[in-house]
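*Asks:* How does the following fold in three dimensions:
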Amino acid sequence: MRVLRAILIVVILLPQVLRAQVSFDPGEGCLNVVEFTAGPGLGALGDRLIGANYLHERFINEQFSVGAGAGYSYHQQYKFSAIPVYFSTHYFFADSRFSPFVNLKAGIYWKLAPKNIDTNHELSISGNQPGFSLYVSPGAGVKVHLTSHIGLMAAVSYDGYLVNVLDGTKNNYHTTIIPNLGINFGLCFQIPGW
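*Replies:* Coordinates of the predicted model:
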């Protein structure tokens, strides 16, 4: 009886699923993504990172979108928080329910509540910020639609923040990118009319 009931439900719902739009329609608003990220540092100067981002992009065509976003990240070993504000873009390889994509976020950030400043210990950062507080994050992942206006995204990214850090071998501060591997999970949605 349970098998018969399950088959009946599938038969009734199948036309609705097949009729559903399988990708975001560029004429019906913007791509909005709320994502959470965490990951280890890369290399000798890398640092563990946790954070969240919100981005809002306008579709140029069915596979390419551009926009802007903002986020929050905490760097556990360097002991500072960052608020990045960035330009964002996505390229989806297929206009379908399931699509791989590449994306790029690039902009600036503000450092908040740094605790490990000018201590001359390993993983210390300088109080003198470099001339330009660069934030960059290229990535790649997949998008899966749950409905015509809601989907899930998973991606891997390289998150880099330009910071003055202590060089332990030379015992002085120099400007470099703190690299992180970001494991990102997010909810993407489209608001009609935006």
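*Asks:* show me where pLDDT drops low in the chain?
*Replies:* 1-29, 113-131, 166-174, 192-194 (pLDDT under 70).
*Asks:* can you map out the helices along the chain?
*Replies:* 2-19 (DSSP state H).
*Asks:* For it, just list every one of the strands.
*Replies:* Secondary structure of the chain (DSSP state E): strands at 30-39, 49-59, 64-75, 80-92, 98-112, 134-145, 150-167, 172-191.
*Asks:* Just put the ones you listed in CSV and tack on mean neighbour count.
*Replies:* Every C-beta, even on glycine, is put in place using the N, C-alpha and C of the backbone. Converted to CSV, the strands of the chain look like this (neighbours: other C-beta atoms under 10 Å):
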stretch, mean neighbour count
strand 30-39, 20
strand 49-59, 19
strand 64-75, 19
strand 80-92, 19
strand 98-112, 17
strand 134-145, 19
strand 150-167, 19
strand 172-191, 18
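*Asks:* Please verify my assumption that residue 183 contacts residue 38.
*Replies:* Yes. Between residue 183 and residue 38 a contact is recorded at 6.0 Å, counting by C-beta atoms under 8 Å.
*Asks:* ok, residue 183 - contacts?
*Replies:* 37-39, 156 (C-beta atoms under 8 Å, 6 or more residues apart in numbering).
*Asks:* how does it look with 6 Å?
*Replies:* Counting by C-beta atoms under 6 Å, 6 or more residues apart in numbering, residue 183 touches 38-39.
*Asks:* cool, and residue 75?
*Replies:* Taking C-beta under 6 Å, 6+ apart, one finds 47, 49 in contact with residue 75.
*Asks:* Let's see that with 7 Å instead.
*Replies:* 47, 49, 178 (C-beta atoms under 7 Å, 6 or more residues apart in numbering).
*Asks:* Same question for residue 56.
*Replies:* Here residue 56 is in contact with 30, 32, 67-69 (criterion: C-beta under 7 Å, 6+ apart).
*Asks:* got it, and residue 92?
*Replies:* Contacts of residue 92 by C-beta under 7 Å, 6+ apart are 63, 99, 101, 143.
*Asks:* which one among these gets closest to residue 73?
*Replies:* residue 101 (21.4 Å; C-beta to C-beta).
*Asks:* returning to what we had before: dump the contacts of residue 75 to TSV, plus distance to residue 112.
*Replies:* Shown next, in TSV, are the contacts of residue 75 (distance: C-beta to C-beta, whole Å):
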residue	distance to residue 112
47	15
49	14
178	15
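*Asks:* List just the nearest of the residues you listed to residue 149.
*Replies:* Of these, the one sitting nearest to residue 149 (C-beta to C-beta) turns out to be residue 49, at 30.3 Å.
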